[in-house]
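Participant: Have a look at this fold, sequence not included:
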């Protein structure tokens, strides 16, 4: 199968859609195994008679002042190869003018209170820009199902909320985080890490996994275990600067109390050298009485 490249919406509409479902995977390019996992799952959901579309678009609206828009990797030729091997039918790689024909849009999606927490607090306006482009790409690609990685847990939660609140006719599927052999979460930004910084970055996943091992002791133990790992890493490796560590309700990303039962997400963000990384781990605290 040869993956076709569509540069604008008219080209995409001209391609045969197939008899099955259309599944879309949205990316900013620089595709890696995490993206390939999403594409393979999209292929499974679309079925042999469906169509898998991968979007490649570096969205300027979700980059704030001083962030890495200009140096963000743009590797379309390599992306086409990864997408084809993973089973994509089409790569939709529109220009900025195609997505925003009138320049920066005056009307945008607003993420609301959830978009002001954690990542939103550290990157003001980021989630408004993200939701705006996701809404536009959902309109342009018109999928039956759209897949997103759980590594960006707050993004996934906001997309689900937008689709529900604004009645988008699409199913949203979250796909578990893909990790390297040493448990570092796969990210396009990992390529910015020096060898030393990459070793330091393992503190993030180490904190999450250490905390998960004591989840049966409740939220307070989880927070304490994760923070101890990160504080020790910061003391030994000054290149690790913590932005936040939070144990939150997956429904709205507010902090959960020490008596919380049920699902939660342990989320962390830190700057390692000059590169900002995020990671998270879903937890389930079960029944409080069963832990006593």
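Facilitator: Arrived safely, thanks for sending. Given the structure is predicted, the values throughout are model-derived calculations rather than measurements.

Participant: So residue 98 is in contact with residue 11, correct?
Facilitator: No - assessed by C-beta atoms under 8 Å, residue 98 is found out of contact with residue 11, at 10.0 Å. Backbone N, C-alpha and C define where each C-beta goes, glycine included.

Participant: bridging residues for residue 284?
Facilitator: Note on residue 284: beta-bridge partners residue 263, judged by DSSP bridges.

Participant: give me the number of residues near it?
Facilitator: Using other C-beta atoms under 10 Å, residue 284 has 9 other residues around it.

Participant: and it, what is it in contact with?
Facilitator: The contact partners of residue 284, taken as C-beta atoms under 8 Å, 6 or more residues apart in numbering, are 215, 262-264.

Participant: Tell me the most packed of the residues you listed, by neighbour count.
Facilitator: Neighbour max across the contacts of residue 284 (other C-beta under 10 Å) = residue 264, 22 neighbours.

Participant: Please read off the pLDDT at that one from the model.
Facilitator: Looking at residue 264, its pLDDT is 98.

Participant: could you list every residue that touches it?
Facilitator: Contact partners of residue 264, counting by C-beta under 8 Å, 6+ apart, are 219, 247-250, 256, 282-285.

Participant: If we use 6 Å, what do you get?
Facilitator: Applying C-beta atoms under 6 Å, 6 or more residues apart in numbering to residue 264 gives the contacts 247, 256, 283.

Participant: just the contacts of residue 284 now: which is nearest residue 80?
Facilitator: Closest approach between these and residue 80, by C-beta to C-beta: residue 263, at 37.5 Å.

Participant: From residue 120, how far off is that closest one?
Facilitator: According to C-beta to C-beta, to the nearest Å, residue 263 and residue 120 sit 21 Å apart.

Participant: which residues of the stretch 1-150 of the chain fall in helices?
Facilitator: For the stretch 1-150 of the chain, the helices defined by DSSP state H, counting those that start in this stretch occupy 9-14, 33-46, 76-86, 96-99, 119-122, 126-141.

Participant: what's the offset of the first one from the middle of its chain?
Facilitator: Using C-alpha atoms, centre = their mean, to the nearest Å, the distance from the centre of helix 9-14 to the centre of the chain it belongs to is 26 Å.

Participant: And for residue 234, the neighbour number?
Facilitator: Neighbours of residue 234 using other C-beta under 10 Å come to 16.

Participant: let me fix that: residue 15
Facilitator: 14.

Participant: What mean pLDDT does the helix or strand harbouring residue 223 get?
Facilitator: Counting by DSSP states H and E, the element that carries residue 223 is helix 219-236. Model confidence over helix 219-236 averages 95 on the pLDDT scale.

Participant: and if you look at stretch 47-63?
Facilitator: pLDDT averaged over stretch 47-63 gives 95.

Participant: Mind listing what's buried along that stretch?
Facilitator: Residues of stretch 47-63 classed as buried under the neighbour-count rule (16 or more other C-beta atoms under 10 Å) are 50-59, 61-63.

Participant: and if you look at stretch 256-267?
Facilitator: Going by neighbour count (16+ other C-beta under 10 Å), the buried part of stretch 256-267 is 256, 260-261, 264-267.
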